[in-house]
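Enquirer: got a structure for you, letters missing:
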């Protein structure tokens, strides 16, 4: 089952906003060169892909860290390893 956050992220009609971002010219030129090799039409699409990839990685890392802290706190309070594992499997 998909979380509400993931469902919103996969929606094609999400609200958008424009931003201004100062990037060195040589970086933009490199993005323009690399975009077609990744099958993308332009450097802005590649830049959005890089942002999305980094965001997903960081979100996964944060959530994994949060989960590990929660598990450690439950163990500290005497919750059995088997019960914790059962709960993790249930929500996975």
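Expert: Looks like it arrived, so ask away. Quantities reported herein were computed from a predicted structural model and do not represent experimental measurements.
Enquirer: Spell out the secondary structure type for residue 14.
Expert: Classification of residue 14 using DSSP: H, G, I helix; E, B strand; the rest coil returns coil.
Enquirer: If you drop the residues flanking it in sequence, what lies closest to it?
Expert: residue 8 (6.8 Å; Cβ to Cβ, 6 or more residues apart in numbering). In this view, the C-beta of every residue, glycine as well, is placed from N, C-alpha and C.
Enquirer: And that neighbour, how far from residue 60?
Expert: 17 Å (Cβ to Cβ, to the nearest Å).
Enquirer: for the most far-flung residue of the chain relative to its centre, helix, strand, or coil?
Expert: Most distant residue from the mean C-alpha position of the chain: residue 78, 32.4 Å away (Cα atoms, centre = their mean). With three-state DSSP as the basis, residue 78 sits in coil.
Enquirer: Read off the pLDDT value for the one residue sitting closest to the centre of the chain.
Expert: Among the residues of the chain, residue 56 comes closest to the average C-alpha position under Cα atoms, centre = their mean, at 1.3 Å. Looking at residue 56, its pLDDT reads 86.
Enquirer: Tell me where this protein has helices.
Expert: 4-10, 25-34, 43-76, 81-91 (DSSP state H).
Enquirer: In the protein, where is pLDDT below threshold?
Expert: 1-3, 5-7, 92 (pLDDT under 70).
Enquirer: ok, back up a step: doesn't residue 15 make contact with the residue nearest to residue 14?
Expert: No: at 10.1 Å, residue 8 and residue 15 do not qualify as touching, with contact defined as Cβ atoms under 8 Å.
Enquirer: More neighbours: the two, which one.
Expert: A side-by-side neighbour count of residue 8 and residue 15, using other Cβ atoms under 10 Å, places residue 8 first with 10 against 5.
Enquirer: what about residue 9, neighbour count?
Expert: By the criterion of other Cβ under 10 Å, residue 9 has 13 neighbours.
Enquirer: separation between it and residue 52?
Expert: Residue 9 is 9 Å from residue 52, where distance means Cβ to Cβ.
Enquirer: Many thanks, I have nothing further to ask.
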